[in-house]
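Chemist: Quick one, fold the following:
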Amino acid sequence: MTLLNRLLLIVFGAGLIPIIPAGLFLFYFQSRAKEDISSLQRNVSQMGALMMEREAQDLSRRFERMWDADSRYASQAALERALKRNPEFLYLAFTGSDGRALFSGGAPELKRYMGYLDMARDPLFVRAAAGDGAALGHFEMVYDMPVCRLVYPLGGGYYAFAVVNLRDLFEKLRSQRIGPTGGLLLSDPEGRALRLSGGLDKFDAVEVREILRRGPLFEITGRGGTYIGAAARVRGFDLFVVAMENRAEAFSGVNRITWLMAFFLLAVATAFYFSALLFTRRLGVPVGTLMAGAGRVSRGDFNTPVSEATEFAELSDLLRTFNSMMREVGRYHGIQVEKVFEEKQKLELLVSLIHDAIILCDLRGELLYANAAALALLGIEAVPQGGNETLRRKISGFVSKRALAQGGPVELEAGGEKKHYRISVQTLSPRTQTPAVFMVLRDITLERRIQQMKEDFFHSVAHDLRAPLLTMQGYIKLLEKEFQPGVKQAGYVRGVKDSSDRLFKLLENVLDISRMEAGQLRPDLKPISVPALLSDSAEGFRPIFDEKGVALSVDASRAAGAEVRGDASLLRRVLENLISNAWKFTPAGGKVFISAAREGRDVVFEVRDTGPGIPADQLEAVFEKYKRLKAGEGEDGFGLGLAIARKIVELHGGRIRAEAGPGGVFRIYLGVQG
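Modeler: Reported below is the predicted structural model:
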């Protein structure tokens, strides 16, 4: 989303904040208006029911006061007298308990309309007979007159049946109008209804009964649309007054006001939107100018200033400040570029003077940089501009040979002769550039030649000294017999004997190394029991361990029955060397653990002590010839024991390694026999 759109949304959203409560008020007003309309309809229906209740009670009281105390209830004279006194009675008849007319009178038209009167099954007659009170109902229009039927129990098994003119009541109720077409209905429980006012649809008895069934408030669909209203029961009678109004007309005023307010809010929102759009566009021009200037700066263009003309004073100050900053950055950038070039020249001069070959290439092996020594090694005069597959394969070969040598020296051809190099490889993963590989190839040919000359000389001297040393040891043994053990001269002879033994052991180790490197030592391979080998190697050390106060623990339970194929004397020499080193480097009160266990197709011998341990950076160096670690009690070795141990293990196809951690740890891996 662009900055302009974000500003537009922020400003427009701020303008919509007052509209939200206005919309909520509009929703509240509409819901309250609908409740008020329903309340009005309920009140009108209840008021009509009250008027009908009073009219029905008045008719009932008339019947109660209609007869003299001495007169007979059911007589033609009483009937004529009642018709004269009550002109709203359009028809009057007396019936027996079976509902059949005994006497009748009234307007001739109604007498013909009513015919022979038999009310045995009439619901009004049944209600009056069952409730011992007046029953009013069956509303209809007869000769344009609103009438209803009334059944009143006279006592003695006689009933009065009257057709009553309700014109006066209807005139009062007609004034109760609801809207342009709304009005009142008067109905009995059977759904026979009479429209009192308004322009309502003609509802049949089924529809009216459905209205009464729905309760005080209802909504029903008629032929003229959907109607809403309320129904109220006339107290004391099975009569109902229904107030109804067309739903569209009822809510027309509310909907009109709602639409007007909604249109007003929409107009306000539209006006505010275009105002916000105009404001943000004016604000977006200087901001866009500033962003374009920042883009030019990021591309290194510090000479093109941004326009400072804008309608906002604060933004003008910001643009002027940006131009000033851009000029300062341009000046600082020029100084830094000069310094970078100067440092680059110094670095190139320094690298060119380094005798080690330095190569920088990508992950595919394509040459990126090489100093003079590297160019000579690669046999080229300069770094090629394009890709060179031969050169790429040559560089990749350096990495492959270094991996195969496992960090050791690599033999390469340079200048027509074989030379030895030690290669270090490091992968560079800068965040802003493509990953690259940095290689340093150090020429160690001269060092190896000097080392070989030194070892040849040392081996020659050791070989030449071995014969006279054996002769000297023989004379020492003869001299040792000349003195009693307790005299002073015996101690001198014993010291000379120990020194000659150490010197002889050194010469033997040097010669063993020489034979191993020359491939002259051939192990006598036979099946060897692992527990027996471990036990034989450790048992001879128990006296010196007890004397020093170091606990020695041997555990071969996890290698029970396991055998390895090897030279027992050579393998025992390896284990004895490791146990001896553990004894030397473990202080008094410490512990040494020797164990063997099967791990897959290998048997793993482990020698662990609680001494100071081996530094992590010397785990490989301890296996080099003449490499020594300082022991705890002034006992220094010659640095050949671990080198010989590694040669012996490798002759058996195994491997030996040291581990860092608390105390010293050595592990030997040999293949299981069978």
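
Chemist: Please count neighbours and contacts with C-alpha atoms only from this point.
Modeler: OK.

Chemist: What residues of the strand or helix carrying E80 count as buried?
Modeler: Take DSSP states H and E as the rule and E80 turns out to sit in helix 76-85. Neighbour counts over helix 76-85 (16 or more other Cα atoms under 10 Å) mark Q76, A78, L79, E80, A82, L83 as buried.

Chemist: cool, and stretch 530-542?
Modeler: Neighbour counts using 16+ other Cα under 10 Å place V530, P531, L533, L534, S535, S537, A538 of stretch 530-542 among the buried residues.

Chemist: Please tell me the pLDDT value assigned to the fourth one.
Modeler: This points to L534. pLDDT for L534: 90.

Chemist: C-terminal to the strand or helix carrying it, what's the next element?
Modeler: Element membership for L534, per DSSP H and E: helix 530-539. Of the helices and strands lying after helix 530-539 in sequence (DSSP H and E), the nearest is helix 542-548.

Chemist: So which other helices or strands are in contact with that next one?
Modeler: Applying 3 or more Cα pairs under 8 Å, 6 or more residues apart in numbering; DSSP states H and E, we find helix 542-548 packed against strand 551-558.

Chemist: now for the helix or strand following the strand it packs on, which elements pack on it?
Modeler: Once the chain leaves strand 551-558, the next helix or strand it forms, by DSSP H and E, is strand 563-566. Here strand 563-566 touches strand 526-529, strand 665-671, going by 3+ Cα pairs under 8 Å, 6+ apart.

Chemist: Of all these, which one is nearest P216?
Modeler: Nearest of the helices and strands packed on strand 563-566 to P216, taken as Cα to Cα: strand 665-671 at 95.3 Å.

Chemist: Quick one: mean pLDDT over the closest one.
Modeler: 92.

Chemist: picking up where we left off before, V440 is nearest to which of the helices and strands packed on strand 563-566?
Modeler: Smallest distance to V440 across the helices and strands packed on strand 563-566 (Cα to Cα): 31.9 Å, for strand 665-671.

Chemist: how far out from the middle of the chain is the closest one?
Modeler: 46 Å (Cα atoms, centre = their mean, to the nearest Å).

Chemist: what do you get for stretch 167-179?
Modeler: Distance, centroid of stretch 167-179 to centroid of chain: 70 Å (Cα atoms, centre = their mean).

Chemist: Residues contacting it, please?
Modeler: For stretch 167-179, the external contacting residues (Cα atoms under 8 Å, 6 or more residues apart in numbering) are 41, 44, 48, 51-52, 55, 145-147, 183-184, 196-198, 243-245, 249-250.

Chemist: What about the closest residue to A436 other than its chain neighbours, how many residues nearby?
Modeler: Nearest residue to A436, sequence neighbours excluded (Cα to Cα, 6 or more residues apart in numbering): D362, at 4.3 Å. Neighbours of D362 under the rule other Cα atoms under 10 Å: 17.

Chemist: circling back to that earlier point, JSON lines please, covering the buried residues of stretch 530-542 and showing distance to D524.
Modeler: Listed next are the buried residues of stretch 530-542 as JSON lines, based on distance: Cα to Cα, whole Å:
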{"residue": "V530", "distance to D524": "16"}
{"residue": "P531", "distance to D524": "19"}
{"residue": "L533", "distance to D524": "15"}
{"residue": "L534", "distance to D524": "18"}
{"residue": "S535", "distance to D524": "20"}
{"residue": "S537", "distance to D524": "18"}
{"residue": "A538", "distance to D524": "22"}
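
Chemist: quick one: the helices in the stretch 101-250 of the chain?
Modeler: 108-114, 123-131, 167-174, 205-214, 247-250 (DSSP state H, counting those that start in this stretch).

Chemist: what would the ones you listed look like in JSON lines with distance to Y159 and mean pLDDT?
Modeler: Compiled in JSON lines, the helices of the stretch 101-250 of the chain are given as follows (distance: least, Cα to Cα, whole Å; pLDDT from 0 to 100):
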{"stretch": "helix 108-114", "distance to Y159": "17", "mean pLDDT": "83"}
{"stretch": "helix 123-131", "distance to Y159": "9", "mean pLDDT": "84"}
{"stretch": "helix 167-174", "distance to Y159": "24", "mean pLDDT": "78"}
{"stretch": "helix 205-214", "distance to Y159": "27", "mean pLDDT": "82"}
{"stretch": "helix 247-250", "distance to Y159": "44", "mean pLDDT": "79"}
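
Chemist: and those as JSON lines, adding mean neighbour count and distance to S400?
Modeler: Formatted as JSON lines, the entries for those read as follows, by neighbours: other Cα atoms under 10 Å; distance: least, Cα to Cα, whole Å:
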{"stretch": "helix 108-114", "mean neighbour count": "13", "distance to S400": "124"}
{"stretch": "helix 123-131", "mean neighbour count": "17", "distance to S400": "114"}
{"stretch": "helix 167-174", "mean neighbour count": "16", "distance to S400": "111"}
{"stretch": "helix 205-214", "mean neighbour count": "16", "distance to S400": "93"}
{"stretch": "helix 247-250", "mean neighbour count": "17", "distance to S400": "90"}
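
Chemist: could you dump the ones you listed to JSON lines with distance to I220?
Modeler: Converted to JSON lines, those look like this (distance: least, Cα to Cα, whole Å):
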{"stretch": "helix 108-114", "distance to I220": "34"}
{"stretch": "helix 123-131", "distance to I220": "27"}
{"stretch": "helix 167-174", "distance to I220": "22"}
{"stretch": "helix 205-214", "distance to I220": "7"}
{"stretch": "helix 247-250", "distance to I220": "9"}
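
Chemist: quick one: which of those is nearest L651?
Modeler: Nearest of the helices of the stretch 101-250 of the chain (Cα to Cα): helix 205-214, 104.7 Å.

Chemist: what does the closest one contact?
Modeler: Applying Cα under 8 Å, 6+ apart, the contact partners of helix 205-214 are S187, P189, E190, G191, R192, A193, F218, I220, A231.

Chemist: residues contacting M119?
Modeler: D98, G99, R100, F125.

Chemist: ranges for the strands of the stretch 51-200 of the chain?
Modeler: Assigned by DSSP state E, counting those that start in this stretch, the strands in the stretch 51-200 of the chain fall at 89-95, 101-106, 135-142, 145-155, 158-165, 183-187, 193-195.

Chemist: Thanks a lot, see you next time.
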